[in-house]
Every structure is written in C-alpha cells, then in structure tokens.
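Trainee: Here is the input, now give the coordinates:
(2 chains)
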Amino acid sequence: MVIPIPLFQILYIQHENSMKTKGFTFIETIVVLAVLAMVLPALFTILFAIMQQQVRVLKLQELKRQGDQAFGFIKDTLRKNSYKIYSDKLATNQVCLLPTTSYTNINGNDFYLKSDAGSIIKFYKNGTKLELYNSITPSTNRVYITDPIQVDSFTIACNLKSAFSSPLISVVLKIKHSSDTTVVFSYSTIIHVRK
Amino acid sequence: MVSKKLNKNGFSLIEVLVFITILSMFFVVAASVVTVSLKDMKINENKILATQYAEQLAEWLYAQKESNWGGTSYSSDCGTTCSFTENVTKSGDNTNYCFNGSINISSTTWPTSSNSTGNPCSGAFDLPLYDGSTVHRFKREVKFVKKGVDTVVTDVHATVTVQWKDYGNTYTTISDTLYSTRE
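Mentor: Residues are numbered from 1 along each chain as shown, chains lettered A, B, ... in the order given. Next up, the predicted model:
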C-alpha cells in the first residue's frame, strides 16, 4: 500500500536537497570574502591615485586658464590704449607725470587709468577676486579671477624714467587654487603706456 | 559516485585555467591602461607648468625690452647697466642663458651668458617649483639670435626651451618670441 506524501513535505525535501548541493559552504564564503578583501582595497587605491592625479591636472588647468585670461586682458588693455595714471577716482591727482617719479599701489584700489576718451578704469583685488572697474558702467564690475581660483596678491605700479618717454606700468598678479594653496602662479610684466 | 558528484558541481582544472588566463589577461590590460593614463596625466601636469615657466621668462624678457631696449650689440663691459640688446648679444650672435632661478619682474639682473656651443644650464634641472617642493625636475634656457646691420640691432629672436625629466625620459617645450623696436 502506498502512503501518499503530502505536497509540502515534497517541497521541503527538494528545497533542503538543493541547498546542500548548489549553495556555498561557510568556508567557501569566507575564502571569497578574504580574496575580495584583498583585491578591493588595491583596486580602490589605484582608482584613488588616478582620481587624485586627474584632480591635480584639472586644478592646474583651471588656474592657468583663469590666469592667462585675466593677465592677457590686462596686458591687452594697457598696451592698446593710451592712459594717464591717477591715484584718485576723480582723476585730479596724476602720478608718474614728472621724470624719475614712481607710484606703487598694492591691490590696485587707488590706481586709476584715464583713457584719451575720458573713461576711467582700474584693475583691483576685491577680496580674493580680481575685478575691473569702469566709469562707463560703474555699477557692474567685470570679474576676472573668480572661484575656485583666488588672487593671492595683485600689485600695480608705474614709473617715468625721462620726460621724453611714456610711463612704464608694472603688474604682478599671483593666483592660487582655493583647495590647493601651495601652488602659486605668478604673472608679471612691464608695459610702456602709449603716448 | 564521488567523481560523478565532483564533475557535476565543481570546476575542472581546464576550466579553472581558462578562467584564470582570461582574468589575468584582463588585469594585465587594465594595469597597463592605468599606467599609461597616469603617465599621460603626469606629462600633462608638467606641460602646464613648463608652459607657465616659458611664458614667465618671455614676459620678463619683454619687460627688459620695454624698460631698456638699447639698440646696439654688446661692445664693452656694461655690468648691470647693460641694455636688452647688449645682454642678448653678450656672447656673440648666438647668446644663451640659463634661467633656473626664480624670476622677479623688478629685477634687471641677468644670469651668466654662454655661447652657442655651450649648454647654458650644464644639464642641471634645478628650477625651483611653484609649490616649493625640493624635488626639482625642470630647466629653462633661452637662446637669442639678433638681426640687424653691424652693431645695430633691430630684432631679437628668442627661443625659450623648458625641459623636464620624468620616468627616465626628457620632455621639451619650445616657444619662440620676437622682440623688436617696431611695435
């Protein structure tokens, strides 16, 4: 006489069987975890090194891009126009007017350049930014160096060597990245102002 | 019974070997890709710095030219009062300079010149780095060629060469600038 096995019992036996033959043993799992524990840190170390290097290059690129752009604009502006230099906004106190005189301004706050057309501009350090003030649009300054690049120092100076020449303007701009302040790019030049 | 069970559920030696071979090939390729890309990035980083060094020197030379052009070639010892054209002709028609020191725009002091056959930096890669690191790997040289008749100098052609060493190789960036009175 055949005793019928209840359905749930068959399922239970099959399930138990498959667990035993097809699953992993505890030891196997431990070995796999151990191997992973050795491989993954190595893998992440390599990935981290790549990312770190990439970030370094990107930072340098941004530093150079902003520096080149700002410095190029300053050079172009000073070379292409003829200016008189003043130490005040109203253009009453002209400097570097007499031979062998000089005038240095750190941050550029009091170094105004007046073009022949009458507009007055100045490049100056505002906090960690480099801005251009223009008397034609006094309420909106153009910003040249901005986050994440910071202005470390900005110095603009002029001197007149002889009565027959035009003043020489010297500009020193030092910039750095906000998250890597050890690398400082220094831009500097000396330009003859057009007569 | 045992062997049958093993065959059914485990891997054979061949299977394991094939798997390991494919895996190791993948890892070798991945490792070489990583090495190459890291090297490229390092070269890129140094190239940015090298360009900056070269531009800095070109700008300093421009400043010297603007401040004191001169117009005649070197004839007698002018010391620190040498003009730009005197300095660039100090060692004859192909005057070389090694600019491995830091550059100050207000300074008018030139390093020691050498002639065309010389290697101005004498193989020394000791240009100070921006981050103040003590590991030096750059050198910066400039070569001048003047144009003009007799002692009159009208144009000066400057070739700034920045070289650096990395991974046993030497890399070079060259930039040319023309300084002239007609500007």
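
Trainee: So, low pLDDT: which residues of chain A?
Mentor: Along chain A, the model assigns pLDDT under 70 to residues A:1-22.

Trainee: Residue numbers of it in contact with chain B?
Mentor: Residues of chain A lying near chain B by Cβ under 8 Å from any Cβ of the partner chain: A:21-22, A:46, A:49-50, A:53-54, A:56-57, A:60-61, A:64, A:161, A:168, A:170, A:172, A:182-192. Quick note: C-beta positions are derived from backbone N, CA and C, even for glycine.

Trainee: Specify the beta-bridge partners of the most centrally placed residue in chain A.
Mentor: Closest to where the C-alpha atoms of chain A average out (Cα atoms, centre = their mean) is residue A:149, at 3.0 Å. Per DSSP bridges, the residues bridged to residue A:149 are residue A:177.

Trainee: Return the distance of it relative to chain B.
Mentor: Going from residue A:149 to chain B by Cβ to the nearest Cβ, to the nearest Å gives 14 Å.

Trainee: got it, and residue A:34?
Mentor: Distance, residue A:34 to chain B, using Cβ to the nearest Cβ: 17 Å.

Trainee: Please name every helix or strand in contact with the host helix or strand of that residue.
Mentor: Assigned by DSSP states H and E, residue A:34 belongs to helix A:26-80. Judged by 3 or more Cβ pairs under 8 Å, 6 or more residues apart in numbering or on different chains; DSSP states H and E, the packing partners of helix A:26-80 are strand A:142-145, strand A:149-160, strand A:168-177, strand A:180-192, helix B:13-67.

Trainee: relative to helix B:13-67, how tilted is the third one?
Mentor: Between strand A:168-177 and helix B:13-67, the angle formed by their directions is 160 degrees, by axes from the mean of the first three to the mean of the last three Cα atoms, to 10 degrees.

Trainee: what's the angle from strand A:168-177 to strand A:180-192?
Mentor: 160 degrees.

Trainee: show me the residues around residue A:134 that make contact.
Mentor: Neighbour list for residue A:134: A:119, A:120, A:121, A:141, A:142 [criterion: Cβ atoms under 8 Å, 6 or more residues apart in numbering or on different chains].

Trainee: And for residue B:125?
Mentor: Going by Cβ under 8 Å, 6+ apart, residue B:125 touches B:136, B:137, B:138, B:139, B:163, B:164, B:165.

Trainee: Got a ChimeraX select line for the buried ones in the residues you listed?
Mentor: Here is the ChimeraX command that selects the buried residues among the contacts of residue B:125 (16 or more other Cβ atoms under 10 Å in any protein chain shown):
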select /B:137,138,139,163,164
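
Trainee: of all the contacts of residue B:125, which two lie farthest apart?
Mentor: B:136 and B:163 (12.0 Å; Cβ to Cβ).

Trainee: State the distance from residue A:35 to residue A:96.
Mentor: Going from residue A:35 to residue A:96 by Cβ to Cβ, to the nearest Å gives 74 Å.

Trainee: More neighbours: the two, which one.
Mentor: Neighbour count, other Cβ atoms under 10 Å in any protein chain shown: between residue A:35 and residue A:96, residue A:96 has more, with 23 against 10.

Trainee: mind listing what the more buried one touches?
Mentor: Residue A:96 is in contact with A:85, A:102, A:103, A:158, A:159, A:160, A:167, counting by Cβ under 8 Å, 6+ apart.

Trainee: Okay, and the beta partners of the second one?
Mentor: The one in question is residue A:102. Counting by DSSP bridges, residue A:102 is bridged to residue A:159.
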